[in-house]
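1. sequence-free structure coming up:
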């Protein structure tokens, strides 16, 4: 599987720029061949123009055809075999089994969207029948459904080189909606991106998708990303990454002459509340589960549990001791890239020097900076100590967490009140605890996108009900999810047909209901066909 | 019905500021008592604080209770009787029957949202059942539904003082979702706003809604609006008004430390395409219908048909002649306020001096500026003439339109390609025309929110299928509608419950399905209850 480092502009390749960069092996701290060419403005324009031309064709393909395309993607991705896993592993330091798990996720979510296209509920088909005899004015026949917006730009995440990158839910849900996609490859795993992109392009070719339905552009410069987001032909952007990068591009998207939605998932602090009923009976189990969640993927999950709150008690002391003991056993491991490593080590250093924060445990082996390694660190403070320094409520990306000692539910509420938006909050407790801590739950519903009971936030289930989103700064648009089938809703908008002849209506709105959809007809859901 | 001109902060009143202004009768060009006080920062803070406190209570009321509140609003609005219509008529120069029609719309949409709350499909309840035996990892039980976002700020429109103002779909759909609302009264009809607000507050009081579920603040200064949009406690803003005002506030909403969605509906040019099959056979009828749509409400509709395109032919010449003749009969009428009048007269003056544009008809009676009157104006140009001057594609708010002579579908496409986003596009034709002009329809689907066949864009049907939105600059967020039941989706976001105990789940997600909702269970819609 030869990589070229070129822009993949529909079915053509291009490498106009002499400005190039290399992928980087963070374990060996060395560059990997080949060179990747920074996309030129002309190359981006070409990709966008192709997408623009592809859009009306792709939009109006039958659901069956678009589903075929997605299933062909799963086959082409499977056909990539070890080459994909190996390249991803080298570029990100993720072990091969982790890469394989990401690969499985891609197959799962892509199949799920193929099924969704066929099933059709995402179209939200609605019909209000007309009545020419209504007084004082005749009632028009009004029907509407969701149609794709147009070309979408996607920026993948560094931490999921396969599952939340070129082949992530962003790309696949946009395809499912009927939107062409241009992915800006992540400069920390450009080779993985190229392999994945070629699989998509092969699938597009063999299922007869229009030229330009997909392009990949390479780049590591902010100007390249900014140019993309400013491009007038895009209708929306999906992004997974840091708050800094996400907010900068969000600001550009909003300040365009014609603003477009910028869906950014930017991670969060994911608080965990340990309620007495659980803490007293499952101390060791919770400590073990927490440690596993904290250190999974070298702590590089946007759902990493960054704060753990408990009420002072012997069980809470035990939990702290057990979690600390586990953390000290953690063998330092290589982070995704130097930038994340630098931010993590600087953040740990700052927290070590924070007056109210006590380092209670750390990896007993010293991390090797020559291997971009991070150790695990566990800090402790009190509710008062935490709230005295607002920076402690910020996410620090990596295997670290802060344990917060509280006196009562009032302390929990005081912290929850001050939390910014988060992707998730977790509660360990008994059902009786949940009743007693109802105020906490009710407050967390304002703050997060997902509430987890007696579990851990990492390891998102891929399903229709999943919501991977939350109030800012977890995301820029809290009603949007970047995982699960609701993700398709980001790339569609309603189109309403008034008094439109049946023969010319989209299939989903025709009287005969040929797709056998559940439709909202005069305010009632039914599958009936209309005469 | 005495007006005080005070801020209505929940159940309290306040008039801290000496900075006051008067409503204005545009027909008599004189101020109307009483004085309205510009809201102070402290008053806005008070309203927002009340809304913030009301939110969790209001959010968790039973659907039945919230529906009761909405139905009580319809009763209180009906009880306002002629006082509401008379005040609205005086403040806006709308004739009483028009005000009564708006009143009917409020009753209709408010009842529709009461029904929607009870019916519950807007909750989008989804359940993916867990499986503890799944390998390699147990499958969690994941459930999600829509929950209200929090306090919402609403800016009503000047042109619908009753139906798209305090009592508009923005307020009512936010209430339906479970969001407290603060309305910034429109300074051109502050008295109508106060009357409507008092009706809402009476309804809130007698149905036991929490204090702060609704407040009204008065103001005419940009700073007051800007302060409101910047207030950290709001979760979203809904706005209907001009592009200038909407974009300025949108920019503020996006540049907040914590950005929030700003849903603005800002009007559009609403092109009308006359295809040969219709034009040749229904020339007079179309001209008559067009004239009625053009001049309804003194042309002050955001769906006003601002461009009409036809292919040169004897029928098109007839249409131009007939439309012109009708326009010359139009008796000038008073516009909503001096600002709109000034913009309209300046816009007409500019178009009269535009080289490629020919004034082909105008009201034969001269409008009286002392009565803020506008006459109707009809301009004509060619496709080339239109595209030579991009300002001709901009909306000019009032009873004016431009007739564009084209040679063929290619000319239609050239114009459509250059159109900015519009709320609607209208096609008059036969079914055969629609087939022949498929390229035009397919292009318009990228440009507008609603496609109308053989009808007129003004006079929106209030129903589940209606979409009153469209690409920028018609709106800031093209997937959102400000009319119809989908409007509720602007104020909700998904909350996901993972492995949550059944007893503590929201009713809509409980195994027993006590609300008998259609739910997406493991990917299939059903009303079944789960064991």
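-> In hand now; what should we look at? Quantities reported herein were computed from a predicted structural model and do not represent experimental measurements.

2. not counting sequence-adjacent ones, nearest residue to residue A:340?
-> Leaving out its chain neighbours, the residue that sits closest to residue A:340 by Cβ to Cβ, 6 or more residues apart in numbering or on different chains is residue A:397, at 6.2 Å. Yep, even glycine has a C-beta here, placed from its N, CA and C like the rest.

3. enumerate every residue touching the one you found.
-> Residues in contact with residue A:397 (Cβ atoms under 8 Å, 6 or more residues apart in numbering or on different chains) are A:242, A:267, A:299, A:300, A:304, A:340, A:343, A:344, A:347.

4. same deal with residue A:266?
-> Residue A:266 neighbours (Cβ under 8 Å, 6+ apart): A:240, A:241, A:242, A:243, A:246, A:247, A:302, A:473, A:474, A:475, A:476.

5. please enumerate the strands of the stretch 101-250 of chain A.
-> Assigned by DSSP state E, counting those that start in this stretch, the strands in the stretch 101-250 of chain A fall at A:126-128, A:142-148, A:152-155, A:181-184, A:214-217, A:236-240.

6. buried deepest among those strands, which one?
-> Most buried of these, by mean neighbour count (mean count of other Cβ atoms under 10 Å in any protein chain shown): strand A:214-217, with a mean of 29.

7. direction included, what does that strand pair up with?
-> strand A:7-9 (antiparallel), strand A:181-184 (parallel) (DSSP bridges).

8. contact partners of the longest one?
-> What it means is strand A:181-184. Outside strand A:181-184, the residues that touch it by Cβ under 8 Å, 6+ apart are A:44, A:47-48, A:51, A:151-156, A:165-166, A:170-171, A:174-175, A:193, A:197, A:213-219, A:224-225, A:228, A:234.

9. out of those, which end up buried?
-> Buried residues within the contacts of strand A:181-184, counting neighbours by 16 or more other Cβ atoms under 10 Å in any protein chain shown: A:44, A:47-48, A:51, A:151-156, A:165-166, A:170-171, A:174-175, A:193, A:197, A:213-219, A:224-225, A:228, A:234.

10. any idea how far stretch A:247-265 is from the chain center?
-> 17 Å (Cα atoms, centre = their mean, to the nearest Å).

11. again with stretch A:451-465
-> With Cα atoms, centre = their mean, you get 14 Å for stretch A:451-465.

12. pull up the distance across it, start to finish.
-> 12 Å (Cα to Cα, to the nearest Å).

13. around chain B, pick out the residues from the stretch 101-250 of chain A.
-> Proximity of the stretch 101-250 of chain A to chain B, by Cβ under 8 Å from any Cβ of the partner chain, involves residues A:115, A:119, A:121, A:124, A:126-128, A:137, A:139-140, A:142-144, A:147, A:149-150, A:235, A:250.

14. quick one, strands of the stretch 301-450 of chain A?
-> Along the stretch 301-450 of chain A, the stretches classed as strands by DSSP E, counting those that start in this stretch are A:307-311, A:333-334, A:358-362, A:373-374, A:377-382, A:400-406, A:422-428, A:448-453.

15. out of these, which comes closest to chain B?
-> Taking Cβ to the nearest Cβ, strand A:448-453 is the member of the strands of the stretch 301-450 of chain A nearest to chain B, at 4.0 Å.

16. which residues touch the closest one?
-> Residues outside strand A:448-453 that contact it (Cβ under 8 Å, 6+ apart): A:268, A:421-429, A:434, A:441, A:444-445, A:457, A:466-471, A:474-475, A:478, A:481, B:493-501.

17. just the buried ones from those?
-> Counted by 16+ other Cβ under 10 Å, those give A:268, A:421-429, A:434, A:441, A:444-445, A:457, A:466-471, A:474-475, A:478, A:481, B:493-500 as buried.

18. so which of those are in helices?
-> Mapping the buried ones among the contacts of strand A:448-453 onto helices (DSSP state H) picks out A:434, A:441, A:444, A:445.

19. thinking again about what came up before, just the strands of the stretch 301-450 of chain A: most buried one?
-> strand A:422-428 (a mean of 27).

20. helices or strands up against it?
-> strand A:271-274, helix A:438-447, strand A:448-453 (3 or more Cβ pairs under 8 Å, 6 or more residues apart in numbering or on different chains; DSSP states H and E).

21. by how many degrees do that strand and helix A:438-447 diverge?
-> Angle of strand A:422-428 versus helix A:438-447, following axes from the mean of the first three to the mean of the last three Cα atoms, to 10 degrees, is 160 degrees.

22. just checking: what are the partner strands of strand A:422-428?
-> Going by DSSP bridges, the partners of strand A:422-428 are strand A:271-274 (parallel), strand A:448-453 (parallel).

23. save these as JSON lines, and put in mean pLDDT too.
-> Formatted as JSON lines, the strands paired with strand A:422-428 follow (pLDDT from 0 to 100):
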{"stretch": "strand A:271-274", "mean pLDDT": "98"}
{"stretch": "strand A:448-453", "mean pLDDT": "98"}
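
24. residue B:64 is nearest to which of the ones you listed?
-> strand A:448-453 (24.9 Å; Cβ to Cβ).

25. what stretches of chain A score poorly on pLDDT?
-> Applying pLDDT under 70 to chain A flags residues A:1.

26. quick check: domain ranges of it?
-> Here the domain assignment for chain A is A:7-266+A:481-490, A:271-453, based on automatic domain parsing.

27. what packs against whichever strand or helix holds residue A:252?
-> Using DSSP states H and E, the element containing residue A:252 is helix A:243-255. Here helix A:243-255 touches helix A:222-230, strand A:236-240, strand A:262-265, helix B:243-255, going by 3+ Cβ pairs under 8 Å, 6+ apart.

28. in that helix, what's buried?
-> Judged by neighbour count using 16+ other Cβ under 10 Å, the buried positions of helix A:243-255 are A:243, A:245, A:246, A:247, A:249, A:250, A:251, A:252, A:253, A:254.

29. before I go, just wanted to say thanks for your time.
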